[in-house]
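Colleague: got a sequence here, can you model it:
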Amino acid sequence: MNYQHSHERSIADPAGFWAEQAQAVSWFRSPTETLRALADGTHQWFADGQLNSCYLALDQQIEQGRGEQTALIYDSPVTNRKARYSYRELRDEVARLAGALRELGVEKGDRVIIYMPMVPQAAMAMLACARIGAVHSVVFGGFAPHELALRIDDAKPRLLLTASCGLEFERVIEYKPLVDKALELASHRPEHVLVLKRPQAPVTLVPGRDLDWHAIVPLADPVEPVPVGSGDPLYIMYTSGTTGKPKGIVRDNGGNAVALTFAMRHIYNMQAGDVWWGISDVGWVVGHSLIVYGPLMAGCTTVLYEGKPIRTPDAGAYWRVIEEYGVNSLFCAPTAIRAIRKEDPSGALSRRHDLGSLKHLFLAGEKLDSSTHQWLGKLTGKPVHDHWWQTETGWPVTAPCTGLEGCVSRPGSSNRAVPGYRVAVLDEQGQPLGPNRQGAIVIALPLPPGCAQTLWNDHPRYLQSYLAAYPDYYHTGDGGYLDEDGFVHIMGRTDDVINVAGHRLSTGEMEDLVARHPAVAECAVIGVPDAIKGQVPLGLIVLKDGSRIAEQQLQRELTVTIREQIGALACFQRIALVKRLPKTRSGKILRAVLRKIANGEAVAIPSTIDDPAILAEIGATLAVYTRAS
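Modeller: Numbering: from 1, shown residues only. Okay, here's the model as predicted:
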């Protein structure tokens, strides 16, 4: 397949293009209707098809002769445990767990909440739900009880699966007390809580409600996969909402299977038997698409890692895993690489390991700054690809399609639109903008298979959030531009633009320039109030370990860089050195929180924050600079 031809055909004839791609999926009943447009602007894909996502991920692979191939590798440096599961072993574990769920009353269409750490049983739980047609919703382990209670009340699960604890560095996070508190706060009560006991934390079971995983599951009878409709929900993935109520993104079975099968083969160029490492958590969309469903549906070996890029035990952790398991390609967030670079600027730890198996590195989750891109490419000697997608899309919107002929990757961009997506840039009036002009990034309808078409129990909110702003387009919420060759440059969320004396400037562009400085490990640029100019930029900077540059010297050098590359109109004259930046557990910098603090607005501690204590430190720093403005 050729990239240019594939993309053009997917836009000109989406139904025909995706009907062909759907043939790569083993349906229980093949769809006769590929694309159905609905009156509200949403669409249904493969509406009359029937399939089962667990069957595609496990049973089908065994039928194709991969029963003894390793399906899942568990590597846990925080517990010093490792395990391998063949496709047959994983299928048997999942089938028995699915039987246990059914014996506990879970049936097709019921919801199950999974609140677990990065252990094999978390992936098994997802697949077991899919096997019997139940809808799973994975909530990141360690989320506060209030946030878990909101999700319980929205999803109304029949069952909740959890573990006694999760582990981070040398810290044990007890889950069971958090679950107990959440169930006190929630209006809805699941019938049972199935608890996986881990030796790192004791657990007390509530009689009549709580059940011991190790006592219940081994006694269950395994069950076969059940047919579900293409449009039936596979899972609900909750994201933060501006109203305080989380948005339940709904992923359907059929579109997801077709999209991920296409993505693994044609974007990531993974073949059956290859080793894939999606570095994330099953609580995020990456964990669904690129740890569990995508790699297994493609017949790959997937690595499930319970650890961090650093301090487990050091900044060489990723390189050790690549060598030990012969990883062919991986996905991670730029923040992970920046953390490694901060602790090991010269990359000395990577030279202790053989990275010869590695073919590609794919980064996404937030903007990949050019400094990190160049450092990683030089260090590994492998192609480094930025690409861009969202929880709502479920798979990449822009990426180098390394499995298609004519693929070209362009550093500095998130690359070109993947077949199925027509990306455009619009101004505030909804008019298309020409090359290299910044505006709102949108995607023309229909969205391709795999993209969410509704929110759980709140379809009007989906229409208002994503389709109302620009008729005939999906509003991504990101800003940027297309260059003259169609490469997409994501500059950040549309609210990551500041107005300096009437000039609308991208903080993402400034961040990229700041990050190129050899002393800078990572940074965030935000706008702070200014009595004369309205806003001026402030750079919050974390230095690399071992850097000795004075703050005033760094400020002078960065000011010169911004003046040369953007102009004096940017008024970039202030920086603040900080020990760390507030981030989500998935590694994204909480820029919206930083902006609110800078503007003196009340800030509720986000449910996704990795370490709430950092807000006080950052708040004190920003207060000084806000007063100075």
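Colleague: from here on, contacts and neighbour counts on C-alpha atoms
Modeller: Will do.
Colleague: the residue nearest to Leu148 when sequence neighbours are not counted in helix, strand or coil?
Modeller: Leaving aside its chain neighbours, Leu148 sits nearest to Ala182 (6.0 Å; criterion: C-alpha to C-alpha, 6 or more residues apart in numbering). Classification of Ala182 using DSSP: H, G, I helix; E, B strand; the rest coil returns helix.
Colleague: would you map the helices across the stretch 51-200 of the chain?
Modeller: All helices of the stretch 51-200 of the chain, identified by DSSP state H, counting those that start in this stretch, fall at 53-54, 60-61, 87-103, 120-132, 145-155, 176-185.
Colleague: mind giving me the packing neighbours of the last one?
Modeller: In this structure, helix 176-185 makes packing contacts with helix 145-155, judged by 3 or more C-alpha pairs under 8 Å, 6 or more residues apart in numbering; DSSP states H and E.
Colleague: residue contacts, the residue nearest to Leu148?
Modeller: If you count contacts by C-alpha atoms under 8 Å, 6 or more residues apart in numbering, Ala182 has them with Pro145, His146, Glu147, Leu148, Ala149.
Colleague: in the chain, which helix or strand is least confident?
Modeller: strand 503-506 (a mean of 66; mean pLDDT, DSSP states H and E).
Colleague: domain ranges for this structure, per the record?
Modeller: 86-226, 495-628 (automatic domain parsing).
Colleague: wait, isn't Cys300 in contact with Met270?
Modeller: Yes. Between Cys300 and Met270 a contact is recorded at 7.4 Å, counting by C-alpha atoms under 8 Å.
Colleague: quick one: which of those two has more around it?
Modeller: Relative neighbour count places Cys300 above the other of Cys300 and Met270, with 26 against 22, counting by other C-alpha atoms under 10 Å.
Colleague: show me what contacts that one?
Modeller: Ala71, Met270, Gln271, Ala272, Gly273, Asp274, Val275, Trp276 are the contacts of Cys300 under C-alpha under 8 Å, 6+ apart.
Colleague: before we move on, the earlier item: in CSV, list the contacts of Ala182 along with distance to Leu361 and neighbour count.
Modeller: Shown next, in CSV, are the contacts of Ala182 (distance: C-alpha to C-alpha, whole Å; neighbours: other C-alpha atoms under 10 Å):
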residue, distance to Leu361, neighbour count
Pro145, 36, 21
His146, 37, 18
Glu147, 33, 20
Leu148, 33, 25
Ala149, 37, 24
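Colleague: need those in CSV (columns: pLDDT and distance to Leu447).
Modeller: Listed next are the contacts of Ala182 as CSV, based on pLDDT from 0 to 100; distance: C-alpha to C-alpha, whole Å:
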residue, pLDDT, distance to Leu447
Pro145, 85, 35
His146, 82, 33
Glu147, 81, 30
Leu148, 91, 30
Ala149, 92, 32
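Colleague: counting neighbours, what do you get for Thr584?
Modeller: The burial count for Thr584: 16, using other C-alpha under 10 Å.
Colleague: state the pLDDT value of it.
Modeller: Note on Thr584: pLDDT of 77.
Colleague: now it. Nearest residue, chain neighbours left out?
Modeller: Thr584 sits nearest to Ile609 (C-alpha to C-alpha, 6+ apart), 4.3 Å away.
Colleague: go on, Leu577?
Modeller: Ile541 is the one closest to Leu577 (C-alpha to C-alpha, 6+ apart), at 4.9 Å.
Colleague: for Ala469, same thing?
Modeller: Per C-alpha to C-alpha, 6+ apart, closest to Ala469 is His475, 6.7 Å.
Colleague: and if you look at Pro432?
Modeller: Per C-alpha to C-alpha, 6+ apart, closest to Pro432 is Leu426, 4.5 Å.
Colleague: cool, Val292 as well?
Modeller: Leaving aside its chain neighbours, Val292 sits nearest to Ala123 (6.4 Å; criterion: C-alpha to C-alpha, 6+ apart).
Colleague: and the residue nearest to Thr584, how many residues sit next to it?
Modeller: Number of residues near Ile609 (other C-alpha under 10 Å) recorded here: 20.
Colleague: so how far is Leu590 from it?
Modeller: Applying C-alpha to C-alpha, to the nearest Å, the value for Ile609 to Leu590 is 8 Å.
Colleague: any shared contact partners between these two?
Modeller: What both Ile609 and Leu590 touch, as defined by C-alpha under 8 Å, 6+ apart, is the set Pro582, Lys583, Thr584.
Colleague: show me which of those residues is closest to Gly287.
Modeller: Closest approach to Gly287 among the shared contacts of Ile609 and Leu590 (C-alpha to C-alpha): Thr584, at 15.2 Å.
Colleague: mind listing what that closest one touches?
Modeller: By C-alpha under 8 Å, 6+ apart, the contact list for Thr584 reads Leu590, Thr608, Ile609, Asp610.
Colleague: including secondary structure, pLDDT and distance to Leu161, could the contacts of Cys300 go into a markdown table?
Modeller: Compiled in a markdown table, the contacts of Cys300 are given as follows (DSSP: H, G, I helix; E, B strand; the rest coil; pLDDT from 0 to 100; distance: C-alpha to C-alpha, whole Å):
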| residue | secondary structure | pLDDT | distance to Leu161 |
| --- | --- | --- | --- |
| Ala71 | strand | 98 | 23 |
| Met270 | coil | 98 | 32 |
| Gln271 | coil | 98 | 33 |
| Ala272 | coil | 98 | 31 |
| Gly273 | coil | 98 | 31 |
| Asp274 | coil | 98 | 31 |
| Val275 | strand | 98 | 28 |
| Trp276 | strand | 98 | 27 |
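Colleague: which among these gets closest to Cys401?
Modeller: Met270 (11.2 Å).
Colleague: that closest one contacts Leu260, correct?
Modeller: No. Contact criterion C-alpha under 8 Å: Met270 and Leu260 do not qualify, at 11.4 Å.
Colleague: contacts only, for the closest residue to Ala163 other than its chain neighbours.
Modeller: Once flanking residues are discounted, Ala163 sits nearest to Leu196: 4.3 Å by C-alpha to C-alpha, 6+ apart. Neighbouring residues of Leu196 by C-alpha under 8 Å, 6+ apart: Leu161, Thr162, Ala163, Ser164, Asp212, Trp213, His214.
Colleague: show me just the buried residues among the residues you listed.
Modeller: Leu161, Thr162, Ala163, Ser164, Trp213 (16 or more other C-alpha atoms under 10 Å).
Colleague: show me these that map onto strands.
Modeller: Counting by DSSP state E, those place Leu161, Thr162, Ala163 in strands.
Colleague: tell me the one among those nearest to Cys54.
Modeller: Nearest to Cys54 among those: Leu161, at 18.2 Å, using C-alpha to C-alpha.
Colleague: how about the contacts made by the spatially most central residue of the chain?
Modeller: The residue lying closest to the centre of the chain (C-alpha atoms, centre = their mean) is Val286, at 4.0 Å. The contact partners of Val286, taken as C-alpha under 8 Å, 6+ apart, are Gly278, Ser280, Gly394.
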